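Asker: Got a predicted structure plus its sequence, pasted below:
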Amino acid sequence: MLQHLGRMEHPALAWGVTAVMAVWTAAAGYAYARPEWRCRPLMVADLAIAFACMLSTRLVGGAGYLDAAPPLTATWFAAAPLAAAVLGGRRWAVGAALGYGAADVLLRGAFGAPVLNGVVLLLLAGYAVGYMAHIAAEAEHRFARAVELEARTRERERLARSIHDSVLQVLAMVQRRGTALGGEAAELGRLAGEQEAALRGLIGREPSAAPGRPEAVDLCGRLEALASAAVTVSTPATEVSLPERCAAEVEAAVRAALANVDRHCPPGTRVWLLVEDEGGTVTVTVRDDGPGMPAGRAERAAADGRLGIAQSIRGRIRDLGGEVAITTAPGEGTEIEMRVPR
């Protein structure tokens, strides 16, 4: 600015604009350094002030000033588009560069080599900075996922050791003793063996580490396997696709509901399992013709530490972002409706 001060019609205004640029540089640097303030409104304000200071060149320099000198902001203007490239990505960088070109044409009254040079330099710098910011953010995200996976793996291993030394040993002993005793004890032994195998499979399963889109599976195929003489399963004619983890949790919640029927309803109780695909939501309904429950029974069971409905059903569906509605009354059976978003 000092080099071209003699060509300006209003040098005092030039010093005023320079003061605004200096103050905003300090304020923007402080704001960008605070993560909670680093947002799109700050980016838009930064660009707006940069364009305003640039357009003030016509008022400060007067006619003919740009024939021999650059805009008043010179290279200072580039800071705002580069910050936009970091926060908003490459599209914002390209938009800011094209906006610079339009503002420069407005100031000069024509499109020439100086305008083209400025636009090309801003495009190259902004696109490169935006690309590097994207790569850095993706690398940080992958690193965070790796740290999370390692923490989950360690916790799973710790729980697996604890379960192996306690619950699995007891189940294995019940299976052996039940088989040896025979009769009804043999049936208990068989059930204990099934639970031991299921628990071993659960604690031995590797946690998912895929950072991309999870693999989709057909929920209908999983739930149709639960059909039996007492359980009628109705599903749509087409597949109902859900992420693998989501489908596994829904299946586990349905199995918990069926286990409640076996545990609390008399022999011969019928169960109807209905799957509905509603586009953005999948609804699974488990209805039985058992004796039903009085009002507040599920809440009292959870308070007493019996967590079959509270954790095995409600907890699983809640963790998926869904909701569970239970309709029941004495003598009218029980209906459990599980709604899961896609």
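Answerer: Sure thing, it's come through. Numbers count the residues shown, from 1 in each chain.
Asker: Are we agreed that Gly193 is in a helix?
Answerer: Yes: applying DSSP: H, G, I helix; E, B strand; the rest coil, one finds Gly193 inside a helix.
Asker: any idea which helix or strand comes after the least confident helix or strand in the chain by mean pLDDT?
Answerer: Least confident helix or strand, the chain: helix 297-303 with a mean of 70, by mean pLDDT, DSSP states H and E. In the C-terminal direction, the helix or strand that comes right after helix 297-303 (DSSP states H and E) is helix 316-319.
Asker: which residues touch Ala237?
Answerer: By C-beta atoms under 8 Å, 6 or more residues apart in numbering, the contact list for Ala237 is empty. Placement of C-beta: from N, CA and C, glycine included.
Asker: Would you map the helices across the stretch 101-250 of the chain?
Answerer: 113-165, 167-181, 184-204, 219-224, 244-264 (DSSP state H, counting those that start in this stretch).
Asker: I'd like a version of the ones you listed in a markdown table, one that adds mean pLDDT, mean neighbour count and distance to Tyr100 as further columns.
Answerer: Listed next are the helices of the stretch 101-250 of the chain as a markdown table, based on pLDDT from 0 to 100; neighbours: other C-beta atoms under 10 Å; distance: least, C-beta to C-beta, whole Å:
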| stretch | mean pLDDT | mean neighbour count | distance to Tyr100 |
| --- | --- | --- | --- |
| helix 113-165 | 87 | 14 | 6 |
| helix 167-181 | 87 | 15 | 67 |
| helix 184-204 | 79 | 14 | 59 |
| helix 219-224 | 90 | 19 | 52 |
| helix 244-264 | 90 | 18 | 47 |
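Asker: possible to save these as a markdown table with distance to Gly99?
Answerer: A markdown table is the format used below for the helices of the stretch 101-250 of the chain (distance: least, C-beta to C-beta, whole Å):
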| stretch | distance to Gly99 |
| --- | --- |
| helix 113-165 | 9 |
| helix 167-181 | 65 |
| helix 184-204 | 57 |
| helix 219-224 | 49 |
| helix 244-264 | 44 |
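Asker: Doesn't Val284 lie inside a strand?
Answerer: Yes: Val284 forms part of a strand when assessed by three-state DSSP.
Asker: what are the bridge partners for it, then?
Answerer: Val275, Met338 (DSSP bridges).
Asker: pretty sure it is touching Met338, no?
Answerer: Yes: applying C-beta atoms under 8 Å, one finds Val284 in contact with Met338, separated by 4.7 Å.
Asker: got any residues that touch both of those two?
Answerer: Common neighbours of Val284 and Met338 (C-beta under 8 Å, 6+ apart) are Val250, Ala253, Val254.
Asker: out of these, which one sits closest to Gly112?
Answerer: Val250 (64.7 Å; C-beta to C-beta).
Asker: before we move on, back to that, reformat the shared contacts of Val284 and Met338 as JSON lines; add distance to Glu138.
Answerer: Formatted as JSON lines, the shared contacts of Val284 and Met338 follow (distance: C-beta to C-beta, whole Å):
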{"residue": "Val250", "distance to Glu138": "31"}
{"residue": "Ala253", "distance to Glu138": "34"}
{"residue": "Val254", "distance to Glu138": "37"}
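Asker: Many thanks, I have nothing further to ask.
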